[in-house]
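Visitor: Return atomic coordinates for the entry below.
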Amino acid sequence: MAKSMCLLWGAGSPPCWRVMITLEEKKLQGYKHKLMSFEKGEHKSQEVLETNPRGQLPAFKHGDNILNESSAACLYLENQFKLQGIKLMPDSPAEQAMMFQHMMEGLTLTDKLNSVIYYEWLVPEEERHDAAVKRNREALATELKLWEGYLQKVGAGSYLAGAFSLADVIVFPNVAYAFRFGLSVGRYPKLAKYYSLLKDRPSIKASWPPHWLSSPQGYNVLKDLSYNTRQVALKQRCQLPGPVRFQAVQSKTMAQDMTLLWGSGSPPCWRVMIALEEKNLQGYNQKLLSFENMEHKSQEVLDINPRGQLPTFKHGDNIVNESYAACFYLESQFKSQGNKLIPDSPAEQALMYQRMFEGLTFYEKLNAVIYYDWFVPEGEKHDSALKRNRETLAAELKLWEGYLQKLGSGSHLAGPTFSLADVTVFPTVATLFRFGLSAECYPKLAEYYSLLKERPSIKASWPPHWLENPKGQDTLKDI
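Guide: Take a look at the predicted model:
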């Protein structure tokens, strides 16, 4: 079955490693593969670009189905080969919620590791600042302490979501990377135990980065990384004024034990609200919080979401705060209710997962432009950085124009039917036009926006302050 699969990969890359672990766990060891050199720039070669126009690894094909986003490939392989090898998605709603949540948080861990380990590679010399390095290291230390807490809660000898699952497939390469770069076992003992528990697992040993085997000595970039407890204590002292009041949206019984804390205009919040509408779960408790008043950092939010972010979502005792995780969970738990959001066709399913996870990159590149002044401290702003961010966003937009051109007029992102790809990507597209993107420059994105904006689930969850003030901003008018 694996003979129709081909993987182009790079040694030591956590995204590549995830796909390789999944292939091992699903007993798909017969696939074709080729090791590419990052140092020689082979990830930018024509061979890679033909499969992955982003010039990134992994580049993975199963027949005609292309899945270059590692999490997309892992989900696809588990779905297509459910009965083969190890089951990587638990049946229990509680374990499934935790698996999806930690999977998606694992991508945040990757970003925060990279911002420290590869700072000098990612940031041009003239734009580097000691304050930024310090801030990145503090953010990574805070992130690692969160994971220490998660592992403390599940107990010694446990995986991230009960049995070994896709959460471990996604997160373990990050943990291994952290220790490869010198993370202190003494400061992070739970992560060290988790690393020791998994490093000899057959799928992980079989896919261990070859240059790590030939050169076991790592680096010391993270050896002094420590945790700033005062910073977190300050965050946790934020309080919401007044008592908590939830507003129940009218009506379906199964949603009555669901609670959503959300912010208007936030694409992650909007994704969850669209998914709830599509699954006919309109009876959930919800409360609109103010970003301007920092209510997302209140104790009310922190009690459910230690990151102090929105959305904050609970279904009974199951907490799923990552928007993609919540969408996956809702579709999995309410398959037969409302609209089906994961297609059965392998080709459409592959495309859905791929576009979903590319949607995260799309959203990140949008934020790097529209929130540049908010994200970057005054003394660290550079015209060259903003120019590069705008050029990067323009290149990203052209990719999506191409995707929609290829699908044809009137199509959704993964084919003829609305899917989770549309649930997760449409809010980003709507935000683009809210911030002034030119419909003339990007006609396919404009057509897609027009196709979906009147959909009942999207109209029902339209950001209220956009309704009150339909005129947006012109930040992107010249992109």
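Visitor: Could you count how many residues lie near the residue nearest to Met104 when sequence neighbours are not counted?
Guide: Leaving aside its sequence neighbours, Met104 sits nearest to Glu322 (CB to CB, 6 or more residues apart in numbering; 3.6 Å). Where C-beta positions appear, they are placed from N, C-alpha and C, glycine not excepted. Glu322 has 25 neighbouring residues, counting by other CB atoms under 10 Å.
Visitor: do Leu88 as well
Guide: When neighbours are counted by other CB under 10 Å, Leu88 registers 24.
Visitor: Check whether it really touches Glu24, as I assumed.
Guide: No - with contact defined as CB atoms under 8 Å, Leu88 does not reach Glu24; the gap is 11.1 Å.
Visitor: which ones are touching Pro209?
Guide: For Pro209, the contacting residues are 11-12, 17, by CB atoms under 8 Å, 6 or more residues apart in numbering.
Visitor: Repeat that for Val123.
Guide: Ala132.
Visitor: residue boundaries of the strands in the stretch 151-300 of the chain?
Guide: Using DSSP state E, counting those that start in this stretch, the strands found in the stretch 151-300 of the chain span residues 247-248, 258-263, 285-289.
Visitor: can I get the ones you listed in CSV with distance to Glu127, mean pLDDT and mean neighbour count?
Guide: Putting those into CSV (distance: least, CB to CB, whole Å; pLDDT from 0 to 100; neighbours: other CB atoms under 10 Å) gives the following:
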stretch, distance to Glu127, mean pLDDT, mean neighbour count
strand 247-248, 45, 42, 10
strand 258-263, 30, 98, 22
strand 285-289, 34, 97, 19
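Visitor: so what's the nearest residue to Tyr195 once chain neighbours are set aside up against?
Guide: In this structure, Tyr195 finds its nearest non-sequential neighbour in Val175, 5.3 Å apart by CB to CB, 6+ apart. Val175 sits next to 147, 191, 194-195, 198 when contact means CB under 8 Å, 6+ apart.
Visitor: Beyond the one helix or strand Ala394 maps to, next helix or strand please.
Guide: Here Ala394 sits within helix 383-407, counting by DSSP states H and E. For helix 383-407, the following helix or strand on the C-terminal side (DSSP H and E) is helix 420-434.
Visitor: quick one, that following helix and helix 383-407 angle?
Guide: 130 degrees (axes from the mean of the first three to the mean of the last three CA atoms, to 10 degrees).
Visitor: let's number from 59 now, not from 1
Guide: All right, first residue 59 from here; so that's helix 478-492.
Visitor: Can you name every helix or strand that helix 478-492 contacts?
Guide: Judged by 3 or more CB pairs under 8 Å, 6 or more residues apart in numbering; DSSP states H and E, helix 478-492 is in contact with helix 325-336, helix 381-391, helix 404-428, helix 501-510.
Visitor: Which stretch among the ones you listed is buried most, on average?
Guide: helix 325-336 (a mean of 26; mean count of other CB atoms under 10 Å).
Visitor: Just the CA coordinates for it, please, in PDB.
Guide: In PDB, the C-alpha atoms belonging to helix 325-336 read as follows (Å, rounded to 0.1, in the frame of the first residue of the first chain):
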ATOM      1  CA  PRO A 325     -10.600  34.500  13.200                       C
ATOM      2  CA  PRO A 326      -9.800  31.700  15.700                       C
ATOM      3  CA  CYS A 327     -13.100  32.500  17.600                       C
ATOM      4  CA  TRP A 328     -15.000  32.800  14.300                       C
ATOM      5  CA  ARG A 329     -13.800  29.400  13.200                       C
ATOM      6  CA  VAL A 330     -15.300  27.700  16.300                       C
ATOM      7  CA  MET A 331     -18.600  29.700  15.900                       C
ATOM      8  CA  ILE A 332     -19.000  28.700  12.300                       C
ATOM      9  CA  ALA A 333     -18.300  25.000  13.200                       C
ATOM     10  CA  LEU A 334     -21.000  25.200  16.000                       C
ATOM     11  CA  GLU A 335     -23.500  26.600  13.500                       C
ATOM     12  CA  GLU A 336     -22.700  24.000  10.800                       C
END
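Visitor: And the contacts of it?
Guide: Contact partners of helix 325-336, identified using CB under 8 Å, 6+ apart, comprise 313, 316, 318, 320-321, 340, 342, 367-369, 371, 381-382, 384-385, 388-389, 396-397, 399, 421, 476, 478, 481-482, 484-486, 488-489, 514-516, 518-519, 521.
Visitor: Try it again at 7 Å.
Guide: Counting by CB atoms under 7 Å, 6 or more residues apart in numbering, helix 325-336 makes contact with 318, 320-321, 342, 368-369, 371, 381, 384-385, 388, 396-397, 399, 421, 481-482, 485-486, 489, 515-516, 518-519, 521, all of which sit outside it.
Visitor: re the thing from before, what's the closest of the strands of the stretch 209-358 of the chain to Glu184?
Guide: Of all the strands of the stretch 209-358 of the chain, strand 316-321 sits nearest to Glu184, with 35.4 Å by CB to CB.
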